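S.K.: Here you go, sequence then predicted model.
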Amino acid sequence: MEPKEKIILTGDRPTGRLHIGHYVGSLRRRVELQNSGLYDKIFVFEADAQALTDNIENPEKVRQNVIEVALDYLACGLDPAKSTLFIQSQIPELCELSFYYMDLVTVSRLQRNPTVKTEIQMRGFGGESIPVGFFTYPISQAADITAFKATTVPVGEDQEPMLEQCREIVRRFNHIYGDTLVEPNILLPENAACLRLPGTDGKAKMSKSLGNCIYLSDSADEVNRKVKTMFTDPTHLQVSDPGHLEGNTVFTYLDAFCSDEQVARHTAGTYATLQEMKDHYTRGGLGDMKCKRLLMEVLQETLEPIRMRRAVYEKDIPAVYEILKKGCEVAREAAAATMDEVRRAMKINYFDDRALIEEQSRKFAAK
């Protein structure tokens with residue numbers, strides 16, 4: 001279906017406070033897109049229903065983190081006047097749409113989804129212990145995206161298999177029922193370092209359970225403490241030793257956060273660009289602590305305005321819930337309109353189908 005509007009749909013699972021990996025991977029870009037004026041509508045949601053699929057025995061974890069994620073959204077600059085912020089579970093049309101999509105996807109196709117396989121492995125689910133709701137996450141995600149006729153979905157590269165599965169569902173639905181749904185496009189981070197920011201310990205992913213995150217709401221002291229213990233180059237034992245950039249978390253973070261202007265300013269002109277600093281590190285003569293100090297300065301410059309905005313919103317939590325409530329009302333209206341079209345296409349809009357009622361009235365009257 002040819003879209004009439006340019007619409008963004010994106011979101012996060014409310015299982016904990018958001019960290020700087022979320023920020024460079026999606027949040028920063030969302031704010032830029034929101035303020036670009038290039039999109040007609042922007043929907044940003046908290047996927048609490050999806051979060052429950054592997055937290056069903058700990059619903060309080062999800063319940064408490066809905067407000068944490070909302071505060072992080074607002075602190076980062078998402079504006080409820082420009083973006084619709086809502087909670088997934090409050091839009092029942094998404095469950096209905098997921099139910100219909102289940103008939104369009106096979107079990108074997110879900111099993112082949114690389115993202116699903118990775119997530120199952122990460123959570124230690126055995127073959128028969130996988131919750132069905134978790135296993136069918138690509139289907140519910142397709143419902144989330146298509147219910148709002150999203151044309152653009154800004155996510156990390158690990159979500160590409162999910163977007164492809166969504167497009168498959170859209171194509172199959174439109175082939176069977178007619179041109180109804182919009183096929184979405186993925187929007188990846190432009191900075192390669194932002195595709196997946198590693199944990200402070202150098203592990204591939206930031207994780208609350210691993211304790212290797214820097215949270216957006218961390219205090220200045222907490223940020224500095226975490227940077228000081230950050231993984232660098234284990235072979236760089238002396239300042240004079242040549243250092244390695246590959247796998248060096250400090251430089252990965254600098255690539256994601258630091259501009260050349262910041263390098264020049266925070267090093268008092270010692271280096272004009274980040275590349276100059278990298279060159280010095282790799283030939284030897286530059287210590288890890290100097291690199292970490294630059295990273296501390298850059299992170300504080302990024303996070304301080306976020307902390308200040310969060311502190312303002314924290315003083316009026318009822319107002320934050322009101323923002324979410326109004327967002328849910330707007331989101332539900334949009335999803336309901338799509339569901340009306342879906343029901344018509346699938347011919348399950350029985351009470352609205354006057355032609356069906358009249359045709360069957362004539363049929364039975366002729367007996």
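M.R.: Everything's here; your move.
S.K.: Every contact and neighbour count from this point should use C-alpha atoms.
M.R.: OK.
S.K.: Who are the contact partners of Tyr177?
M.R.: Residues near Tyr177 by Cα atoms under 8 Å, 6 or more residues apart in numbering: 345-346.
S.K.: got the domain boundaries for the chain?
M.R.: 7-196+316-358, 220-312 (automatic domain parsing).
S.K.: and the shortest one, how far out from the chain's middle?
M.R.: This points to domain 220-312. When C-alpha coordinates are averaged (Cα atoms, centre = their mean, to the nearest Å), domain 220-312 and its chain have centres 26 Å apart.
S.K.: what's the span of it, first residue to last?
M.R.: 17 Å (Cα to Cα, to the nearest Å).
S.K.: Residues in contact with the worst-scoring helix or strand of the chain on mean pLDDT: which ones?
M.R.: Least confident helix or strand of the chain, by mean pLDDT, DSSP states H and E, is helix 114-122 with a mean of 81. With Cα under 8 Å, 6+ apart as the contact definition, helix 114-122 has outside contacts at 110-111, 130, 135, 137-138, 158-159, 161-162.
S.K.: try it again with 7 Å
M.R.: 111, 135, 158-159, 161-162 (Cα atoms under 7 Å, 6 or more residues apart in numbering).
S.K.: ditto for stretch 79-93
M.R.: Contacting residues not belonging to stretch 79-93 are listed as 34, 42-49, 323-324, 327-328, 331-332, 335-336, 339 [Cα under 7 Å, 6+ apart].
S.K.: buried sites along it?
M.R.: Using 16 or more other Cα atoms under 10 Å as the test for burial, stretch 79-93 gives 79-80, 82-89, 91, 93.
S.K.: and which of these is nearest to Cys291?
M.R.: Distances from Cys291 to those, taken as Cα to Cα, are shortest for Asp79 (34.4 Å).
S.K.: mind checking the SS state of the closest one?
M.R.: Taking DSSP: H, G, I helix; E, B strand; the rest coil as the rule, one finds Asp79 in the coil state.
S.K.: do the same with Thr10
M.R.: Under three-state DSSP, the three-state class of Thr10 is strand.
S.K.: nearest residue to it other than its sequence neighbours?
M.R.: For Thr10, ignoring the flanking residues on the chain, the nearest one in space by Cα to Cα, 6 or more residues apart in numbering is Val44 at 5.1 Å.
S.K.: quick one: contacts for the one you found?
M.R.: 9-11, 83-86.
S.K.: can you map out the strands along the stretch 1-150 of the chain?
M.R.: In the stretch 1-150 of the chain, the strands defined using DSSP state E, counting those that start in this stretch lie at 7-12, 41-46, 84-87.
S.K.: Among the ones you listed, single out whichever gets nearest to Gly202.
M.R.: Nearest of the strands of the stretch 1-150 of the chain (Cα to Cα): strand 7-12, 23.1 Å.
S.K.: Pull the residues that contact the closest one.
M.R.: Against strand 7-12 from outside (Cα under 7 Å, 6+ apart): 39-47, 145, 149-154.
S.K.: count of residues packed around the closest residue to Leu245 other than its chain neighbours?
M.R.: Leaving aside its sequence neighbours, Leu245 sits nearest to Phe251 (Cα to Cα, 6+ apart; 6.5 Å). Phe251: 22 surrounding residues under other Cα atoms under 10 Å.
S.K.: check which helix or strand covers Phe251.
M.R.: Assigned by DSSP states H and E, Phe251 falls within helix 249-257.
S.K.: Kindly report the same for Arg167.
M.R.: Counting by DSSP H and E, Arg167 is part of helix 160-177.
S.K.: for this structure, what are the low-confidence residue spans?
M.R.: For the chain, the stretches with pLDDT under 70 are 126-127, 191-195.
S.K.: Any buried residues in stretch 234-243, and which?
M.R.: Under 16+ other Cα under 10 Å, the buried positions of stretch 234-243 are 236, 241-243.
S.K.: Quick one: those as CSV, columns for secondary structure and distance to Arg123 too.
M.R.: Output for the buried residues of stretch 234-243, formatted as CSV (DSSP: H, G, I helix; E, B strand; the rest coil; distance: Cα to Cα, whole Å):
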residue, secondary structure, distance to Arg123
His236, coil, 34
Asp241, coil, 40
Pro242, coil, 39
Gly243, coil, 35
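S.K.: thinking His244 is in contact with Thr282, fair?
M.R.: Yes: between His244 and Thr282 there is a contact under Cα atoms under 7 Å: 5.8 Å.
S.K.: Point out the other helices and strands that the biggest helix by length in the chain packs with.
M.R.: Taking DSSP state H as the criterion, the chain has its longest helix at helix 317-346. When contacts are defined as 3 or more Cα pairs under 7 Å, 6 or more residues apart in numbering; DSSP states H and E, helix 317-346 sits against strand 84-87, helix 93-101.
S.K.: Show me which residues of the longest one are buried.
M.R.: Judged by neighbour count using 16+ other Cα under 10 Å, the buried positions of helix 93-101 are 93-95, 97-98, 100-101.
S.K.: Just want the angle from that helix to helix 160-177.
M.R.: Helix 93-101 runs at 70 degrees relative to helix 160-177, counting by axes from the mean of the first three to the mean of the last three Cα atoms, to 10 degrees.
S.K.: Could you check how far helix 93-101 is from the centre of its chain?
M.R.: Relative to the centre of its chain, helix 93-101 is centred 21 Å away, using Cα atoms, centre = their mean.
S.K.: what helix or strand does Leu295 sit in?
M.R.: Assigned by DSSP H and E, Leu295 falls in helix 288-314.
S.K.: That helix versus helix 317-346: what angle between them?
M.R.: 90 degrees.
S.K.: Now do the buried residues in helix 288-314.
M.R.: Result for helix 288-314 [16+ other Cα under 10 Å]: buried residues 288, 291-296, 298-300, 302-304, 306-307, 309-310, 313.
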